[in-house]
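Undergrad: Sharing a model prediction with you, sequence too.
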Amino acid sequence: MVMTYPDEEFLGKLQAAFRGESEEHLLAISCGLLELEKSPDAPRRAEIIASIFRDAHSLKGAARAVNLPQIEMICQALESVFSAWKKRDVSADPELLDPLHRAVKTVEKLLPTAEGAPPPADHDELFRLQDELARLEVARPARPQEERSGRAAQARPADKIPAATSDEIQRSTGQASPPALAAPPQPAPESPQATPDQPPTDAAAASGATRRGSRDRGSHPRSTPVSPTLRIAAAKLDALLLHCEELLALKLNANQGASDLHGIAMTFTEWEKHWAALTSDVGNLRQLIAGGSGKKSGSMNKIDACLVPVSLAVRLLEFLEWNQSLIQSTEDHLRNFSKLADRHRHNTAARVDGLLDEAKRLLMLPFATLFAVFPKLVRELSRDIGKEVELRILGAETEIDKRILDDLKDPLIHLLRNSIDHGIERPERRITAGKPACGTIELAVSQADGNKVEILISDDGGGIDAAKVRTAAVRHGMLTQTEAEKLPAHQALALIFEPEVSTSEAVTEISGRGLGLAIVREKVEKLGGRVILETRPGLGTSFRLLLPLTLATFRGILVEVVQQVFVLPTANVQRVTSVRPEDVKTVEGREMIVLDNKTVSLVRLEDLLDLPRRSSREGVRFMPAVVVESADKRIAMRVDAVLSEQEVLVKPLGKPLERVRNIAGATVLGSGHAVPILNVTDLVKSAMRIRPAPLAAHISAPVEVRPRKSILVVEDSITARMLLKNILEGAGHRVKTAVDGVDAFAILRSEEFDLVVSDVEMPRMNGFDLTAAIRRHKRLGNLPVVLVTALASREDRERGADAGANAYIVKGSFDQSDLLEAVRRLV
Amino acid sequence: MTAQKHSDKKEILKARAHLLAQETPAADKSEDLVEVVVFRLADEHYAIESIRVREVYPIKELTPLPCTPPFVLGMINVRGQILTVIDLRRFFELPIKGLTDLNKVIILEHRESELGVLADAIIGVQSLCRQKIQPAPSILTGVRGKYLLGVAEAQLIVIDAARIMDDQAIVVREEVAGPSSP
């Protein structure tokens, strides 16, 4: 057979690899440009230009390889600029660097996305950019240079520049237009001569706007990993390899164990040979005894004594003695083996744990890998809205689990945007307030006690005004005026984490949609962390994020509800308690219990999860309930059982399930079962949503009029089994399941059932045989049996009736009402 | 093993034999061939391009997932990886009739995303001539046409797995809505 890979498939793979590579180069270029802007000394400048030149060059080559000519074109232009600057030391004012930053952004936009082909580019814009870059090749040098005159001639011919844009280019590059170039012979005019508030070019504004537009679209940005490729310290890999090598010992242990067991098994082969040789003797002996005991008179002893030939007795005795010594030595072997196995188990545990630790350490990345993009982001965002902001980063070398880092990207960007947009004031206002015109945002990471890390994002802006938050909350109908006035300041401030409350009067493009902080808190809580807000009016605001360093120590509580198991993150669980029916109060149709002198609403977990309510738990004295907390709200959830607490490894749900209500992920239990992990933040929100329960309190409800029946469903197909179970449980019956006839018969003998619903075609014991076995059994004889089968022929139907089935339902025309009708009729 | 089970197996083996007996289209025009995995779901035979099929996995355990659309049957653990399992009939909005066995899950992969699709039985692997896959009138198949590559000989419905996995309709992205107005 021939596999045909469409060319586009292959190209797609190449482009994905290219994406990873190019992001690295682009980041390096923008970091270099940002450093240039800070006016480093000449040798460092040269160093930076040389390095970003290499990046532009590599990127150009890679773009050509994957057939992305537009990126190649921009990179070519960038390369030319840097190459020219390499030859002549160029002073770098922000205005001069703007087109370069824009070029980087344009390339970012042109990168192929995970979904495939890159978005189409605007050709005019590309040409404009190319021309602007061409002008930079002859940018004003830092020192007078002799070779300059020749350079101007190398600029792109004027006819390629669209007439309408040449004006803009001159503005954007300040006085760097070619005629002005030859002018200043003075050394190093480091300070930009262009006025800082000069409007950006239309092209820049337009490209900036579309970029922000696309980033802000949709209220829930998808979290993207920090980087698809990783750089790992060689030392970490060495350590990992060392641990892997130690696994060789385990392999040898396993070999040893296998051969030991094999040896033991072989002795039994020998034993069988001996036994086989003796079978005729044993048969003879049996006959002798049978014959002897048939005689009317005489004791057994006498018969034995006279009838058993000595040779036979000797052979049997020999065998018994040999047997005894064999068992003895086998026992020794097994005891040794058991000791050895214990030691191996110990070894294996230690080595596997060591390896796992090492592998986890591999995934520990410094915060710097995430923070690298932030200076550029802050620069762009603040320039766009006419503010001056400096970002100070501390503790970026702290390492944290990569998976946490990936999930922190969006929250941190939200918080930075928030600080720039709402926190830092405009320069005029800052000066009036006696602060420096340039605001400062500090991003500081420090290791808190134990396995915790603290991220502090603080600004020296205006702080959050509690009164404004109150007003916003009232405007959105979250509180009444009187409630708002009564609310203490710290509780009022907590409202900014609620969706839809935003204190900024104007919704801007950068932030101010009001959802940002709600998402920040949700994401941080999902990681098992907390957000603490502190603000001092006029002096600034700080957000403190407390997070675990690794995800491994995640513990969960296993609960069961309507026969399904779920995991609740222990971090969100305040306590597990049991509730007596008389403790439950009904307030406005909602059930409440009192905990620590506070009322907490009591909800059923199955209601929160939209699972069908089953089993009225009549006559139950205590109901287990789990008290969870999120976003400062507490609820108590009734469950059927609290099973255990254990370490769980969080796994994401498969791709198409990007976000499921109330479910955060999944884990695999020791038994191999996949179990959903619940999202407590969502559950608390869901609890606020569900309607008050009908007044007939289900706890004190009288026993149902129609008694429930207990039914055993026997079916080897898991999906059919689940379907049958759901239908029957939906009708109010109690259902247990078995996977085949043998399994079913074992269950039937130990428990009481009112009815059996069974498939026919099953391994080990089929439905006909099961029915026959039930009919033969003394106690089970009258148990009604419904056969559900794919076999539709009359013969099969008769076979079922012969075996003693009470009803016969054909799968092909299966309808749940048929089944329920049959059940109703039979019990 | 019961006689019934046996005859069922025979049926599948017969179908496989039938496939093998078919003349392989001229090998030299290899670029026109598509290799497909043929499976049975309810009473229909479907095919999926084998380059999209990572493996076929016997389903032993299926954990239902609450708060998901009906086409999501649940999730399974495949050697430590959690995979979503869907019922194509529900995704295609076909009438659900009868009770099927759905004992196998076909694991599809496309652009770094993976998905399990339930099947009653796997018939086998077959090569189809690309030209012979005819566009399917949706009245004929009942399946929404955009998810199909077409219909091949013997009424084999060829599914466009990439199209399904790229489709926004299969993506679940749901938040808990805001508090209900009192």
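TA: Alright, I've got the coordinates. From a predicted model like this one, the values you see are computed outputs, not experimental measurements.

Undergrad: Please enumerate the helices of chain B.
TA: Using DSSP state H, the helices assigned to chain B run over residues B:3-21, B:88-91, B:138-141, B:161-166.

Undergrad: tell me, what residue is most central in chain B?
TA: Within chain B, the residue whose C-alpha comes closest to the C-alpha centroid is B:Val117; the distance, by C-alpha atoms, centre = their mean, is 5.2 Å.

Undergrad: Tell me who's in contact with A:Ser329.
TA: Applying C-beta atoms under 8 Å, 6 or more residues apart in numbering or on different chains, we find A:Ser329 in contact with A:Thr267. Every C-beta, even on glycine, is put in place using the N, C-alpha and C of the backbone.

Undergrad: go with 10 Å
TA: Contact analysis of A:Ser329 by C-beta atoms under 10 Å, 6 or more residues apart in numbering or on different chains lists A:Ile264, A:Thr267.

Undergrad: now do A:Glu629
TA: Residues near A:Glu629 by C-beta under 10 Å, 6+ apart: A:Glu525, A:Ala571, A:Asn572, A:Val573, A:Gln574, A:Arg575, A:Val600, A:Ile635, A:Val680, A:Thr681, A:Val684.

Undergrad: Which entry within those corresponds to the minimum pLDDT?
TA: Note: of these, the lowest pLDDT belongs to A:Glu525, at 77.

Undergrad: Leaving out chain neighbours, which residue sits closest to it?
TA: What sits nearest to A:Glu525 in space, not counting adjacent residues and going by C-beta to C-beta, 6 or more residues apart in numbering or on different chains, is A:Thr681, at 5.5 Å.

Undergrad: from memory that neighbour sits against A:Arg521, does it?
TA: Yes - between A:Thr681 and A:Arg521 there is a contact at 8.0 Å, judged by C-beta atoms under 10 Å.

Undergrad: Which neighbours do the two have in common?
TA: Listed contacts common to A:Thr681 and A:Arg521 are A:Ser630, A:Ala631; contacts here mean C-beta under 10 Å, 6+ apart.

Undergrad: contacting residues around the residue nearest to the centre of chain B?
TA: If you count contacts by C-beta under 10 Å, 6+ apart, B:Val117 has them with B:39, B:41, B:46, B:48, B:53, B:73, B:84-88, B:91, B:104-108, B:159, B:161, B:164.

Undergrad: Can you tell me the closest non-neighbouring residue to A:Asp260?
TA: With C-beta to C-beta, 6+ apart as the criterion, A:Asp260 has its nearest non-adjacent residue at 5.2 Å, and that residue is A:Phe337.

Undergrad: Same question for B:Ala162.
TA: The spatial neighbour of B:Ala162 that comes closest, neighbours along the chain excluded (C-beta to C-beta, 6+ apart), is B:His110 at 5.0 Å.

Undergrad: Report the beta-bridge partners for that neighbour.
TA: Note on B:His110: beta-bridge partners by DSSP bridges are B:Ser113.

Undergrad: How about stretch A:738-753, which residues are buried there?
TA: Residues A:Ala738, A:Val739, A:Asp740, A:Gly741, A:Val742, A:Asp743, A:Ala744, A:Phe745, A:Ile747, A:Leu748, A:Phe753 are the ones in stretch A:738-753 that count as buried (16 or more other C-beta atoms under 10 Å in any protein chain shown).
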